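J.: Have a look at this prediction, sequence included:
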Amino acid sequence: KILITGAGGQLGSELTHALASFFGKESIVATDINENAGSLFPEIPFEKLDVTDRSQLLAITKKHTITQIYHLAAILSATGEKNPALAWKVNMDSLLSVLELAKEKQLDKIYWPSSIAVFGPSSPKQHTPQRTIQEPQTVYGISKQAGEQWCNYYFQKHGVDVRSLRYPGLIGYKSLPGGGTTDYAVDIYHHAVTEKPYTCFLKKDTTLPMMYMPDAIRATIEIMNAPKDRISIRSSYNISALSFAPEEIFNSILVHCPTFSIDYQPDFRQEIAEGWPQSIDDTQAALDWGWKAEFNLDKMTQDMLRNLQNHLHG
Ligand code: VAH
């Protein structure tokens, strides 16, 4: 069976649905520290789990004869800066518990998300390479960088089949983001469909790598289904889809919502965003397991607005 941690999160809630439809509801055990998250997926077995409690993780793994873990629980970049010690504890202790468990119980496969946040101001800004200098400036980025090295270590030393993707900012209509620097790109659509002016916490020309959730979900399933000998990167793969700045996503929305308006009030997240790449080179993922994004900005905006409007008006 597949255990998902952080199932109530922005990625977790979408991936839980996708994995349930791909493998069958009964082969999934969704968990989250928030016991109400179970109501997001009524027919999928759910357990409350604080991933920093190793004994609880072990008990759930035994109880449900878990063979794969998608370890998504984490504290993201913006929230992490407000509570560095907690972010390090949650992000790192939990990964080490999962890797140790995978080694001891010989779990089949582990999935663990990394992020473009492993790159910093000294990394090349455009077409950031798979291997390049990484001096992350956030606790979140430091934890992802360290986590990538632990994943590689457990693969090389103990044969743990852990796979990972460096997600850009993720945008979807089925879930709300939680504590990220790229959250503006989801919030802006909600404001457009509820006809509220949007105040953006980044400057209008702050370009960041982004990805529509359907592409991110497909990338995750594709790397996990790839034959083991196709995986040449055991830290984490760069993947890319699109890059845009707030003014560009605003303009793509304006085409459909002509009265929509925006103003810019940068906050502490501006500095985080400026330390990240503006575009990512994902050649290795394309070569190794055939990665290719499908959604561009205009296609994403059409799909987001259509689905949010249906969601709102029932
Ligand atoms: C964040 N959404 O903003 C996450 C992601 C690249 C951004 O890691 O922290």
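T.: That came through, no problem.

J.: can you give me the strands for the stretch 51-200 of the chain?
T.: Using DSSP state E, counting those that start in this stretch, the strands of the stretch 51-200 of the chain run over 68-71, 109-111, 114-115, 162-163, 165-167, 169-171, 198-200.

J.: Could you list the buried residues of the last one?
T.: Within strand 198-200, the residues scored as buried using 16 or more other CB atoms under 10 Å are Tyr198, Cys200. All C-beta atoms are positioned from the backbone trio N, CA, C, and that covers glycine.

J.: Residues touching that strand, excluding its own?
T.: By CB atoms under 8 Å, 6 or more residues apart in numbering, the list of residues contacting strand 198-200 from outside reads 184, 187-188, 191-192, 246, 250, 260-265.

J.: quick one on the thing from earlier: what would the strands of the stretch 51-200 of the chain look like in a markdown table with distance to the ligand?
T.: A markdown table is the format used below for the strands of the stretch 51-200 of the chain (distance: least, CB to the nearest ligand atom, whole Å):
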| stretch | distance to the ligand |
| --- | --- |
| strand 68-71 | 15 |
| strand 109-111 | 16 |
| strand 114-115 | 3 |
| strand 162-163 | 18 |
| strand 165-167 | 6 |
| strand 169-171 | 5 |
| strand 198-200 | 14 |
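
J.: Please render these as TSV that adds mean pLDDT to the earlier fields.
T.: Listed next are these as TSV, based on pLDDT from 0 to 100:
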stretch	mean pLDDT
strand 68-71	98
strand 109-111	98
strand 114-115	98
strand 162-163	98
strand 165-167	98
strand 169-171	98
strand 198-200	98
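
J.: can you list the residues of this protein near the ligand?
T.: Within the chain, the positions adjacent to the ligand are Leu76, Ser77, Ser115, Ile116, Ala117, Tyr140, Pro168, Gly169, Gly180, Thr181, Thr182 by CB under 6 Å from any ligand atom.

J.: repeat that for 8 Å
T.: 10, 76-78, 80, 115-117, 138, 140, 144, 167-170, 177, 179-183, 208-209, 272, 276 (CB under 8 Å from any ligand atom).

J.: give me the residue from the stretch 101-250 of the chain nearest the ligand.
T.: Gly180 (2.6 Å; CB to the nearest ligand atom).

J.: who are the neighbours in contact with the closest residue to that residue other than its chain neighbours?
T.: Spatially, and ignoring its direct neighbours in sequence, Gly180 is nearest to Leu76 (4.3 Å; CB to CB, 6 or more residues apart in numbering). For Leu76, the contacting residues are Tyr140, Pro177, Gly178, Gly179, Gly180, Thr181, by CB under 8 Å, 6+ apart.

J.: And the pLDDT at the third one?
T.: pLDDT for Gly178: 90.

J.: on that earlier part again, output the strands of the stretch 51-200 of the chain in TSV, with distance to Glu222 appended to each entry.
T.: Output for the strands of the stretch 51-200 of the chain, formatted as TSV (distance: least, CB to CB, whole Å):
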stretch	distance to Glu222
strand 68-71	14
strand 109-111	12
strand 114-115	16
strand 162-163	10
strand 165-167	10
strand 169-171	16
strand 198-200	32
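
J.: quick one on the thing from earlier: narrow the residues of the chain next to the ligand to those in helices?
T.: Gln10, Ser77, Ala78, Gly80, Tyr140, Lys144, Ile272 (DSSP state H).

J.: What subset of these is buried?
T.: Applying 16+ other CB under 10 Å to those flags Gln10, Ser77, Ala78, Gly80, Tyr140, Lys144, Ile272 as buried.

J.: Tell me how many other residues surround the closest residue to the ligand within the stretch 201-314 of the chain.
T.: Proximity of the stretch 201-314 of the chain to the ligand (CB to the nearest ligand atom) peaks at Trp276, 6.6 Å away. A count of nearby residues for Trp276, using other CB atoms under 10 Å, gives 30.

J.: Spatially nearest residue to it (excluding sequence neighbours)?
T.: Closest to Trp276 by CB to CB, 6+ apart is Ile116, at 5.6 Å.

J.: That neighbour contacts Ser279, doesn't it?
T.: No - contact criterion CB atoms under 8 Å: Ile116 and Ser279 do not qualify, at 9.8 Å.

J.: neighbour count winner among these two?
T.: For Ile116 versus Ser279, neighbours defined as other CB under 10 Å are more numerous around Ile116 (27 against 18).

J.: how many other residues sit next to the nearest residue in space to Ile223 that is not next to it in sequence?
T.: In this structure, Ile223 finds its nearest non-sequential neighbour in Arg163, 5.2 Å apart by CB to CB, 6+ apart. Counted by other CB under 10 Å, the residues lying close to Arg163 total 21.

J.: ok, now Arg269?
T.: Arg269: 19 neighbours (other CB under 10 Å).

J.: distance of it from Ala117?
T.: Distance, Arg269 to Ala117, using CB to CB, to the nearest Å: 12 Å.

J.: With Ala7 instead?
T.: Counting by CB to CB, the gap from Ala7 to Ala117 is 22 Å.
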